[in-house]
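Peer 1: coords below, sequence missing:
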């Protein structure tokens, strides 16, 4: 066991406790070539931190399961919550190099330049949302590493570990790639540590962490809470949601004929997605009573229930609130070959959170780009993403509310919150229009649908999904 | 899409909403041979329930990842929370048959009779803790199933599905095994449904669910909240924790010599566990300030941090409180080859929950057996489980509290709760003694250690772990 300077360990304890109490999430990344001492160094760090809120996360070689998700999936899932510390022993960098060297790809053709950008964006969105990321590269001389391997080899129980090291040393261009990353340094810089001398290495690691976290603490204490503002315009007039509602209708007879055809085709699409290992992500936003649930129900009616998930998105739980706002969705993104329905989604950040003032202006303003980046990273791993905004006019909403009130089998659908939201109708229009304008991308397009006529909305959504999937799938 | 009777669908909606509001967790199991119609039937059910609190969980063939956990692991992880409904499409029964027929085993020799008992115990502990389990077997005539397969075969996109069905039909003795399970019927009975006639099948499924849930609702409304009682004795005298504290010591000189030896051996044990794919579960309970954290720290000092997890168990979160009390631990059980430290554990059910009245007498009384069953199921899948109770005398605790108060680097360790707990010292002794007596099993033994002398406690814990592991591992 590496015994660091007691005084330094005490200081590290103090600063991490303060960080914990301030609710700042911290990620400490430790990279280094095989047998560089990063295991011993990480353990020294892990032992010095309070294990109650420290997590040690090792990047293992990917399993079949991991390859059914996007490249950054496992890191999104493992984000520390406010006040917690993750030690990432080998990280997305090691994973990137392993994927590239072994030519491992997710479900479809992966462009490694795009993945590099996803990695940058991942760090950026975390830092923008208050995460502290400290990156260390253990840069130990080759002869020291070889000496260490020879030493391990002598113990018959540990011998296989040494062999694993040697194999890695021979097969990977780890160091070359890491050099490039360290030079690149996009959003947060690396600290290099030489492990030739253990004591010195531990000291440098601890001192750097103490210094950087102290800097953050000072910044935090100066921070004046930013003004919450939804940035709304008085007398906002929507362009996007100005439908000629009378024209956007489908007759009952046509509907009865067309719907089963589309549902059958949708079932075929599902099987083809499975065959080609592509995930399909369907996002539904819209006003209360716009018919999202019923629309989704028609789309999933004939699907094989083992191949899709339905996610109803409500208020976040306490634990979810203490994570990055995308964290709770990451684990719900469908794996390859599966369909994921989102009845409301991560767009809550720029809708309800903006409208109700749960997010600051800075937070919701930067979220458009963050969400685009997030969707891009899913797209880069093969996902097909389609987003629907179901819009209806204010009179039609009132009619539906009153109908729900009057019918016993529908009463439960109407809550006080629906009436409260209705009062903010114009804010919802403006936030919705901004959202669609700022996040309508080629890789994750929005389709705004008039929801006044439910038949029209259902047929249009199904047709849109089928059309986009047909153009993106090879064998259909 | 199967269109069930509207009135019946309304009734199903009503009863499940009531169940949801009462906070009763429901698991609906649907089993049936390939092409029996269970997919269509499950989807009809899934479509009729409120997707906002219904989860559809399909048992897929096990992946390498699943095999690194105990047999029931994935079902423990997927338990519904209060008020939620799980549809288990193929369940632990299908998994059991698949494992048995393909001779799939977890990390070590699996005894299928033991696994059957684990399955019974799983259902029992859920039902005892308020879960509602409804089991359906779709028993469709063979010619009807074959006809269905022929029909699917005609669609080129779905053809591979038909082939999968046929392969399963030929290779599995699914029906024979299920017959045995249905006859056995230990804790909750099966309902058989014939899918020859779709409409009739859906009707029977819905009616059965409505009837059974209504029965539960009536029972719930009659329920008078049971009296909370810790069942404590006045003037309790402990036998178990009566140490001759002065004798249970280790001299500093001996300690300095012995500790590094044991730590080195512990590291070898870890590597051997990894090689033999055995998980090691280490539970630490004991009075406040008994030295659990420091003890664990000495044991993990030289371990490879990529191969162990440290779990500090605090108060449950809101979401955890709404699940079976073992749920939050299930996901933290180490996978094969790994070590899991538990700084406090599931034994909180019979310690703090009993003492503070968070669990009713019925709840904590039945928990001893439930916990034994749970640990047995882990043991059956290859786990080595060792449990430590660190005990110290009341005077020594006071001395340590005062020491913490007096030293700036230790103050944060002492909380008001520690002082409150101290007042319940005798209750803690009695609950602790009951716990050790009732859950000290051959497959998960307790070791009660005098914690007055920290050196003694650390050396003894390490020696115990090493001794038990040496006797259970083949190659060491």
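Peer 2: Looks like it came in fine. Fair warning: this is a prediction, and the values are worked out from it, not measured in the lab.

Peer 1: What lies in contact with the lowest-mean-pLDDT helix or strand in chain A?
Peer 2: One helix or strand of chain A scores below all others by mean pLDDT, DSSP states H and E: helix A:159-171, with a mean of 80. Helix A:159-171 is touched from outside by A:33-35, A:101, A:145, A:149-150, A:152-153, A:174, B:271, B:275, with contacts defined as C-beta atoms under 8 Å, 6 or more residues apart in numbering or on different chains. To be clear about C-beta, it is placed using only N, CA and C from the backbone, and glycine gets the same treatment.

Peer 1: now do 10 Å
Peer 2: The contact list for helix A:159-171 (C-beta atoms under 10 Å, 6 or more residues apart in numbering or on different chains) reads A:33-36, A:39, A:98, A:101-102, A:142, A:145-146, A:148-155, A:174-175, B:271, B:274-275, B:304.

Peer 1: ditto for stretch A:254-267
Peer 2: Contacts for stretch A:254-267 (C-beta under 10 Å, 6+ apart): A:249-251, A:269, A:298-304, A:307, A:339, A:453-456, A:458-459, A:461-463, A:465-466, A:469-470, A:476, B:1, B:155, B:157-158.

Peer 1: on that earlier part again, going by neighbour count, which residues in the least confident helix or strand of chain A are buried?
Peer 2: By 16 or more other C-beta atoms under 10 Å in any protein chain shown, the buried positions in helix A:159-171 come out as A:161-162, A:165, A:169.

Peer 1: What's the PyMOL line that selects buried ones from the contacts of helix A:159-171?
Peer 2: Applying 16+ other C-beta under 10 Å to those leaves a buried subset, and the PyMOL line that selects it is:
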select buried, (chain A and resi 33+34+35+36+39+98+145+148+149+152+153+174+175) or (chain B and resi 271+274+304)
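
Peer 1: Among the contacts of helix A:159-171, name the ones in strands.
Peer 2: Among the contacts of helix A:159-171, DSSP state E puts none in strands.

Peer 1: Chain neighbours aside, what residue packs nearest to residue A:357?
Peer 2: Nearest residue to residue A:357, sequence neighbours excluded (C-beta to C-beta, 6 or more residues apart in numbering or on different chains): residue A:228, at 4.3 Å.

Peer 1: ok, the one you found - how many residues close by?
Peer 2: The burial count assigned to residue A:228 is 15, neighbours taken as other C-beta atoms under 10 Å in any protein chain shown.

Peer 1: And the host helix or strand of residue A:218, what does it pack against?
Peer 2: Using DSSP states H and E, the element containing residue A:218 is helix A:198-222. The contact analysis (3 or more C-beta pairs under 10 Å, 6 or more residues apart in numbering or on different chains; DSSP states H and E) places helix A:198-222 against helix A:6-22, strand A:26-31, helix A:38-48, strand A:132-138, strand A:190-193.

Peer 1: about what we covered before: among the contacts of helix A:159-171, which lie within helices?
Peer 2: With DSSP state H as the criterion, helices contain A:39, A:98, A:101, A:142, A:145-146, A:148-153, A:174-175, B:271, B:274-275 from among the contacts of helix A:159-171.

Peer 1: what helix or strand does residue A:463 sit in?
Peer 2: Going by DSSP H and E, residue A:463 is part of helix A:454-472.

Peer 1: Could you chop chain A up by domain?
Peer 2: A:6-220, A:252-472 (automatic domain parsing).

Peer 1: Least confident of these, on average?
Peer 2: The minimum mean pLDDT among the domains of chain A belongs to domain A:6-220 (a mean of 90).

Peer 1: Quick one: end-to-end distance for that domain.
Peer 2: Domain A:6-220 has an end-to-end distance of 27 Å (criterion: C-alpha to C-alpha, to the nearest Å).

Peer 1: Then stretch A:185-204?
Peer 2: 20 Å.

Peer 1: got the residues of the stretch 51-200 of chain A near chain B?
Peer 2: With C-beta under 10 Å from any C-beta of the partner chain as the criterion, the stretch 51-200 of chain A meets chain B at residues A:51-60, A:63-66, A:68, A:87, A:89-90, A:155-161.

Peer 1: These in helices, which ones?
Peer 2: A:159-161.

Peer 1: Test my guess that residue A:128 contacts residue A:326.
Peer 2: No: if you go by C-beta atoms under 10 Å, residue A:128 and residue A:326 don't touch, sitting 11.6 Å apart.

Peer 1: what touches both of the two?
Peer 2: What both residue A:128 and residue A:326 touch, as defined by C-beta under 10 Å, 6+ apart, is the set A:367, A:370.

Peer 1: And the helices in the stretch 251-400 of chain A, which stretches?
Peer 2: A:252-276, A:292-300, A:318-321, A:327-330, A:352-355, A:361-380, A:394-406 (DSSP state H, counting those that start in this stretch).

Peer 1: Can you add distance to residue B:449 and give these back as JSON lines?
Peer 2: As requested, these are exported to JSON lines (distance: least, C-beta to C-beta, whole Å):
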{"stretch": "helix A:252-276", "distance to residue B:449": "54"}
{"stretch": "helix A:292-300", "distance to residue B:449": "56"}
{"stretch": "helix A:318-321", "distance to residue B:449": "34"}
{"stretch": "helix A:327-330", "distance to residue B:449": "40"}
{"stretch": "helix A:352-355", "distance to residue B:449": "51"}
{"stretch": "helix A:361-380", "distance to residue B:449": "50"}
{"stretch": "helix A:394-406", "distance to residue B:449": "63"}
